[in-house]
Structures are given as C-alpha cells and as structure tokens.
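Q: Have a look at this fold, sequence not included:
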C-alpha cells in the first residue's frame, strides 16, 4: 500500500525543484531557464497555499478557506508564515506571471523569486518537516 502523499510533501519537492531551476538560471542567465524558474515558481506557490490550507484544516481550522489571499491571511494570523506582505507580493507576482509577455517584468520577477521568495518558501517547507 502506498503511503498517503500530502500537498505538503508535494510542496517540499516543488521547493527543491525551484531551487535547482534558480541555481541553473543564475549560472546560465538564459531566458529559457528564467522562464522555467517562473513556471516552477507558479506551481510551487500554488502548492504552498494549498499545503497551508490542508495543514490548517488538519489542525482544526473552522474558517471557510477557499481563496489564496484568505488562506495567506489566516496562515499569518496563525503564525504559520511571518511576513504577510511578502506572501501577498508572491500572490500578486504569481497572478502576473500567468499573463507575462514583458521581458523586463519577467527578469524582475525572476530576481524576486531568487532573492526574496525562495528563502520564504524554504522556510515554510522546513516547517512541514
């Protein structure tokens, strides 16, 4: 029988894969690698808020958790994340990347992913150990 894989497990794997992509992009500077980083960020962020939702529900949260912003605010209130503004910026960048055609904006978001978002995602992944 297979062990139950949680969204938290998938999130932790996604964070590792995002880190590998970021390292490759930093070393290459290649636009294709940058686009891969952005795509991995998109699904890593999606798994992050879904993992938070899953965890809070398992801990007995009675709030109706449906939307990412709502879940992030609840996670901040529960002290699962400690910088709500960074998480809300991640959400805004995640929403922007879905419609990204501007090279400069893509480079800016990739830089934020590496410098700001990866450490925050790493911190959350470590909490789910």
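A: Yep, that arrived. Computed from a predicted structure; not experimentally measured.

Q: Which residue is the nearest non-sequential neighbour of residue 72?
A: residue 87 (4.7 Å; CB to CB, 6 or more residues apart in numbering). Every residue, glycine included, has its C-beta placed from N, CA and C.

Q: Buried ones in the one helix or strand residue 125 maps to, by neighbour count?
A: Element membership of residue 125 [criterion: DSSP states H and E] is helix 118-127. When burial is assessed from 16 or more other CB atoms under 10 Å, helix 118-127 yields the following buried residues: 118, 120, 121, 124, 125.

Q: The third one touches residue 22, doesn't it?
A: It refers to residue 121. No - counting by CB atoms under 8 Å, residue 121 does not reach residue 22; the two are 10.5 Å apart.

Q: all helices for this protein, in order.
A: Ranges of helices in the chain, per DSSP state H, are 7-28, 31-58, 68-77, 84-97, 103-112, 118-127.

Q: Please convert those to TSV, extending it with mean pLDDT.
A: Supplementary listing: the helices of the chain in TSV, determined by pLDDT from 0 to 100:
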stretch	mean pLDDT
helix 7-28	96
helix 31-58	95
helix 68-77	94
helix 84-97	94
helix 103-112	93
helix 118-127	96
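
Q: winner for burial among those?
A: Neighbour counts (mean count of other CB atoms under 10 Å) averaged over each of the helices of the chain peak at helix 31-58, with a mean of 20.

Q: could you give the angle of that helix to helix 7-28?
A: Orientation check (axes from the mean of the first three to the mean of the last three CA atoms, to 10 degrees): helix 31-58 against helix 7-28 gives 160 degrees.

Q: my guess is residue 76 meets residue 87, correct?
A: Yes - counting by CB under 8 Å, residue 76 touches residue 87, with 7.1 Å between them.

Q: any idea which residue sits dead centre in the chain?
A: Closest to where the C-alpha atoms of the chain average out (CA atoms, centre = their mean) is residue 45, at 2.5 Å.

Q: so that one touches residue 90, yeah?
A: Yes - using CB under 8 Å, residue 45 makes contact with residue 90 at a distance of 5.6 Å.

Q: Touching both of the two, which residues are there?
A: Common contact partners of residue 45 and residue 90 (CB atoms under 8 Å, 6 or more residues apart in numbering): residue 117.
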